[in-house]
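Asks: Quick one, what's the 3D model for this:
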Amino acid sequence: MAAVGAGVAVEVGALPPARPWYTDVWVRMLRRKPLGTIGAAIVLVMLLGAVFADVLTPYGFAQTNLRERFVTTSTEHWLGTDQLGRDLLTRILYGARISLYVGFGAVTLGSLLATALGISSAYWGGRVDLLLQRVVDAWMAFPGLLILMSILSLLGPSVFNITLVLGIAFGIQNSRIVRGVALSIKENTYIEGTRALGSGHARVTLVHILPNVFPTIIVVATTGLSTVILTEASLSFLGLGVPPPYPTWGGMLSLAGLDHMYRAPWLAIWPAVALSLAVFGFNMLGDALRDLLDPRLKGG
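Replies: Here you go, the predicted model:
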């Protein structure tokens with residue numbers, strides 16, 4: 001495109017396209033949030049280890065070899081073996097698969113539930129808001145772990161039941177965060193303007209409120225992943241998690257870790273290290289995303 005001024009033609013190039021908001025978030029994280037970058041790297045390694053567990057180790061998670069019981073470390077077993085000769089690294093990788101399956105499943109279900117409850121409560125207000133908030137109050141009046149144990153004792157331990165129960169609990173508890181953000185967005189002038197132009201309730205909530213709540217939902221989901229994974233490990237430690245022979249980090253700490261803690265301390269150390277790194281990674285990633293996506297903290 002040519003611009004002419006004072007008899008001189010100057011070639012003006014097209015402006016470079018703007019970067020998507022998520023690309024800008026990751027660039028700013030790499031530059032300003034080293035702990036968030038470390039957390040993202042831990043989460044990425046955990047995801048790769050869980051997805052490619054079949055490729056990374058030649059053993060099955062339930063494959064036993066009684067002649068190799070309580071091996072500390074070796075070239076064949078990098079993290080040692082347990083009381084049945086099962087490779088500990090293999091079980092930790094498959095345990096990461098279970099934890100991520102439950103974590104992402106519960107957080108996805110909980111985020112959808114929290115979004116529906118929070119936006120509905122904030123948008124409609126009145127009796128709808130009063131009814132939904134009293135349900136949330138009733139749920140939060142009970143200790144979280146106790147009510148989860150009670151429900152799972154009735155439903156029975158399984159991956160689906162744990163994911164379902166943790167997702168419902170996550171959604172109800174975090175619906176108030178979404179509600180608070182939706183309330184502030186609802187009072188903006190452009191919401192009144194789009195109503196005056198004839199937009200229906202569905203368009204206002206889906207086109208104008210939901211996109212503005214979405215960054216908050218991302219932050220809540222990311223920070224909630226560590227809580228869900230830790231809760232799943234606690235339930236497995238108490239015997240209400242995924243039943244054997246499927247390995248879980250909490251189950252490994254509860255069974256072999258407690259029974260053979262003094263004879264083979266690595267049976268408790270390595271699952272605890274894996275669980276701690278997972279919680280640390282998701283917490284650091286969630287904190288960084290909160291600082292980058294929350295408009296009130298972008299200047300901090």
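Asks: Might you list the low-confidence residue ranges for the stretch 51-200 of the chain?
Replies: The stretch 51-200 of the chain contains no residues with pLDDT under 70.
Asks: Helices of that one, residue ranges please.
Replies: 53-56, 88-124, 126-140, 144-155, 159-186, 189-196 (DSSP state H, counting those that start in this stretch).
Asks: Tell me which of those helices is the most buried.
Replies: helix 88-124 (a mean of 22; mean count of other C-beta atoms under 10 Å). Bear in mind the C-beta positions are built from the backbone N, C-alpha and C, glycine included.
Asks: now for that helix, which elements pack on it?
Replies: helix 34-51, helix 53-56, helix 126-140, helix 159-186, helix 210-237, helix 249-252, helix 266-293 (3 or more C-beta pairs under 8 Å, 6 or more residues apart in numbering; DSSP states H and E).
Asks: need the helices of the stretch 51-200 of the chain in TSV with distance to T231, can you?
Replies: TSV is the format used below for the helices of the stretch 51-200 of the chain (distance: least, C-beta to C-beta, whole Å):
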stretch	distance to T231
helix 53-56	23
helix 88-124	9
helix 126-140	15
helix 144-155	7
helix 159-186	6
helix 189-196	36
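Asks: and A202, which of those helices is closest to it?
Replies: Each of the helices of the stretch 51-200 of the chain has some distance to A202 by C-beta to C-beta; the shortest is helix 88-124, at 10.6 Å.
Asks: what angle separates the closest one from helix 126-140?
Replies: With axes from the mean of the first three to the mean of the last three C-alpha atoms, to 10 degrees as the basis, helix 88-124 and helix 126-140 are set at 150 degrees to each other.
Asks: how distant is helix 88-124 from the center of its chain?
Replies: Distance of helix 88-124 from its chain centroid, counting by C-alpha atoms, centre = their mean, to the nearest Å, is 6 Å.
Asks: what angle do that helix and helix 189-196 make?
Replies: Between helix 88-124 and helix 189-196, the angle comes out at 60 degrees (the same axes, to 10 degrees).
Asks: Let me know which of the helices of the stretch 51-200 of the chain is the nearest to V220.
Replies: helix 159-186 (5.1 Å).
Asks: Against which helices or strands is that closest one packed?
Replies: helix 88-124, helix 126-140, helix 144-155, helix 210-237.
Asks: what's the first-to-last distance across stretch 250-268?
Replies: Distance across stretch 250-268, first residue to last, is 10 Å (C-alpha to C-alpha, to the nearest Å).
Asks: Contacts for it next, please.
Replies: Residues from elsewhere that reach stretch 250-268, judged by C-beta atoms under 8 Å, 6 or more residues apart in numbering: 70, 72-73, 79-80, 82-83, 88, 91-92, 95, 232-239, 241-242, 244, 271-272, 275.
Asks: before we move on, what about stretch 59-76?
Replies: Taking C-beta under 8 Å, 6+ apart as the rule, stretch 59-76 contacts 77, 79-87, 90-91, 94, 245-247, 260, 263-264, 266.
Asks: and if you look at stretch 146-153?
Replies: Under the contact criterion C-beta under 8 Å, 6+ apart, stretch 146-153 has outside partners 139, 161-162, 165-166, 169, 231, 235, 238, 240.
Asks: among these, which two are most distant?
Replies: W139 and L238 (20.6 Å).
Asks: which residues touch A202?
Replies: A202 touches nothing, counting by C-beta under 8 Å, 6+ apart.
Asks: For I98, see how far away S150 is.
Replies: 22 Å (C-beta to C-beta, to the nearest Å).
Asks: which among the contacts of stretch 59-76 end up buried?
Replies: Buried subset of those (neighbour count, 16 or more other C-beta atoms under 10 Å): 77, 79-83, 85-87, 90-91, 94, 246-247, 260, 264, 266.
Asks: All good on my end, thank you.
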